[in-house]
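K.L.:
Any chance you can model this:
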Amino acid sequence: MNENRSSRWLIWTGPLFALLFLVATVVLESDGPGEKASGAEVMKYFNAHQGRGMISVFATPLVVALLLLFASSVRTRARRHGESEVGATVMLAGAVLWAAGMLVGSLLDLALLSASDNNQSDVAQGANVLASADWIPFIGGIAIFLIGAGLTVLASRVMPAWLGWIALVVGVVSLAGPGGFIGFFVAPLWILVAGIMLAVRRDDTAPTTSDVTAQPSPAVS
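P.N.:
Residues are numbered from 1 along each chain as shown. Reported below is the predicted structural model:
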């Protein structure tokens, strides 16, 4: 499998990530206890959602891997279009931070599930307070990812410019406190659209088989 074909297949990790992310958000996520909830309230909630919570925790590494593969694939495609490293590097850094936020969230969820199952009220209450603030690296990563993706698209035109402007504007707005929740909903939809566009669009900058075979062989002295 040549690099161009493998890159096209890897682009599909974006739409797959978006679908899994949206399903997890709609189906597996629910309003948990607030940061002021008592240990008993926290344990009651997580014991009642034990199965759903464990599915979410163990599915997170797969979702994270898909996100990083997609960001890396877009970066590779943009570099073939002559895009400078700035936007693509920012995009990949944002994806890494976003992924770290998801993993931290899963770590805290697993701690909450374990503490609740073991009837450790104080541990559950403390972990719940930390979990109420785990959105910071998560939303920060989304914002940085969108800003980098917007800059990458506008510089390389690997996708339509309007898609780059959407990513850039939403990314900037997501940095402004409550505006982060806009990025939370827009980012997976952006990845879904962008991934499908890249997967079905011919990469004209990549060398074809005929181009490679047509190159003259080096002279033998």
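K.L.:
Would you enumerate the residues in contact with the residue nearest to residue 159 when sequence neighbours are not counted?
P.N.:
Counting by Cβ to Cβ, 6 or more residues apart in numbering, residue 159 lies nearest to residue 153, which is 4.9 Å off, once chain neighbours are set aside. Every C-beta, even on glycine, is put in place using the N, C-alpha and C of the backbone. Residue 153 makes contact with 78, 87, 159, 160, 161, 163, 164, 167, 194 under the criterion Cβ atoms under 8 Å, 6 or more residues apart in numbering.
K.L.:
Assess the claim that the first one and residue 87 are in contact.
P.N.:
Yes: contact between residue 78 and residue 87 holds when scored by Cβ atoms under 8 Å: they sit 7.4 Å apart.
K.L.:
joint contacts of these two?
P.N.:
Going by Cβ under 8 Å, 6+ apart, residues that sit against residue 78 and also against residue 87 are 152, 153, 155, 156.
K.L.:
For the third one, what is the enclosing helix or strand?
P.N.:
Residue 155 belongs to helix 135-156 when elements are defined using DSSP states H and E.
K.L.:
List the buried residues for that helix?
P.N.:
137-156 (16 or more other Cβ atoms under 10 Å).
K.L.:
same thing with stretch 79-88?
P.N.:
Result for stretch 79-88 [16+ other Cβ under 10 Å]: buried residues 79, 80, 83, 87, 88.
K.L.:
Model confidence for the closest residue to the last one other than its chain neighbours, exactly?
P.N.:
Spelled out, that is residue 88. Spatial nearest neighbour of residue 88, chain neighbours left out: residue 75 (4.2 Å); criterion: Cβ to Cβ, 6+ apart. In this model, residue 75 is scored at 89, pLDDT.
K.L.:
Over to residue 187?
P.N.:
With respect to pLDDT, residue 187 has a value of 95.
K.L.:
is it true that it touches residue 145?
P.N.:
Yes: Residue 187 is within contact range of residue 145, at 6.7 Å (criterion: Cβ under 8 Å).
K.L.:
any common contacting residues for those two?
P.N.:
With Cβ under 8 Å, 6+ apart, residue 187 and residue 145 have common neighbours residue 98.
K.L.:
helices or strands up against the longest helix belonging to the chain?
P.N.:
Across the chain, the helix with the greatest residue count (assigned by DSSP state H) is helix 85-117. In terms of contacts (3 or more Cβ pairs under 8 Å, 6 or more residues apart in numbering; DSSP states H and E), helix 85-117 is packed against helix 39-48, helix 50-80, helix 121-131, helix 135-156.
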